[in-house]
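Predicted model and sequence below, questions to follow.
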Amino acid sequence: ANAGGYASERIGLMHACGHDGHSAVGLALAHWCTDHRDELCGKIRIFFQPAEEGTRGGLPLAKGGLLEDVDYLICSHIGTGCRLGEIGICEKGFFATTKFDIRFKGVPAHAGTAPQKGRSALLAAAATATALAGIPRSGEGDTRISIGRLVAGEGRNVVPVNAYLQIETRGATEVVNAFMCESVERIVCGMAKAYGVDHSIEQVGRATNLETDSEVNEALRSIAKG
């Protein structure tokens, strides 16, 4: 049925990522607060973080002034391993993270007749991906790196001119994640120089690590048990 005035272009299929559930929970909470406003005190503000999956929405939301007079900030997310009837309370928080788009620009040449004239963006990207996976771990906290996407080349017999990577770093703290970011930039610059190609690094999302409040967690635990 097309009750909402829209429908998937692929009949019988949907993008069920869960954000529809987030919206439903928020709206139900707003409805409950309105129905019980005489029993409540203080001011309750409900908002949705845009661009959550790309880690692009939190910072502009905070800079927009919505949090300036907030005493308690309680965030929620569907899933993360919870079963029906369970509520998960975050103790250790989430890692800091940075998202990068990396591009290499090489020099085209015929792979059979003049390969020496070319500069391969594909090989630079492949070497970069391998080197990124080998960034040393940090003794100051856990780290992660994900090379999620690599697209390169134009044809079978042409030295590849373009290559594109999507990657992300994570760190237990802002300092540890900064170590990962610095390593990424050093490796990308070094590989571009080694392969004789141009490069660019674009930061397309970031967030610091989440630190939770023990008193709020205890309150949430007590409420959840009830």
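All right, it came through fine. Everything numeric in this text was worked out from a predicted model, so none of it was measured.

what's around residue 150, how many residues?
Applying other C-beta atoms under 10 Å, we find 16 residues neighbouring residue 150. Bear in mind the C-beta positions are built from the backbone N, C-alpha and C, glycine included.

Report the contact partners of it.
When contacts are counted by C-beta atoms under 8 Å, 6 or more residues apart in numbering, residue 150 touches 125, 126, 129, 163, 164, 165.

For my notes, confirm it occurs in a strand.
Yes. Judged by DSSP: H, G, I helix; E, B strand; the rest coil, residue 150 forms part of a strand.

quick one on the thing from earlier: for PyMOL, write the select line for the buried members of the contacts of residue 150.
The buried residues among the contacts of residue 150 can be selected in PyMOL (16 or more other C-beta atoms under 10 Å) with this line:
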select buried, resi 125+126+129+163+165
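
by contact count, what packs against the biggest helix by length in the chain?
Longest helix of the chain, by residue count under DSSP state H: helix 174-195. Identification of packing neighbours for helix 174-195 by 3 or more C-beta pairs under 8 Å, 6 or more residues apart in numbering; DSSP states H and E yields strand 96-105, helix 121-133, strand 143-152, strand 162-171, strand 198-207.

Out of those, which is closest to residue 23?
Residue 23 lies closest, by C-beta to C-beta, to one member of the helices and strands packed on helix 174-195: strand 198-207, at 21.0 Å.

Report all helices and strands that the closest one contacts.
Counting contacts by 3+ C-beta pairs under 8 Å, 6+ apart, strand 198-207 is packed against helix 58-63, strand 96-105, helix 174-195.

could the contacts of residue 150 go into a markdown table alongside distance to residue 37?
Shown next, in a markdown table, are the contacts of residue 150 (distance: C-beta to C-beta, whole Å):
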| residue | distance to residue 37 |
| --- | --- |
| 125 | 56 |
| 126 | 59 |
| 129 | 54 |
| 163 | 56 |
| 164 | 51 |
| 165 | 51 |
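
If we go by neighbour counts, what in the lowest-mean-pLDDT helix or strand in the chain is buried?
The helix or strand of the chain with the lowest confidence, counting by mean pLDDT, DSSP states H and E, is helix 58-63 at a mean of 85. Residues of helix 58-63 classed as buried: 58, 61 (neighbour count, 16+ other C-beta under 10 Å).

where does residue 120 land on pLDDT?
In this prediction, residue 120 carries a pLDDT score of 98.

pretty sure it contacts residue 192?
No. Applying C-beta atoms under 8 Å, one finds residue 120 not in contact with residue 192, separated by 11.6 Å.

Compare those two and say which is more crowded by neighbours.
residue 120 (26 against 23).

check contacts around residue 115.
109, 159.

could we number from 545 for the rest of this?
With the count now opening at 545, the last piece we talked about shows up as residue 659.

so how far is residue 704 from it?
11 Å (C-beta to C-beta, to the nearest Å).
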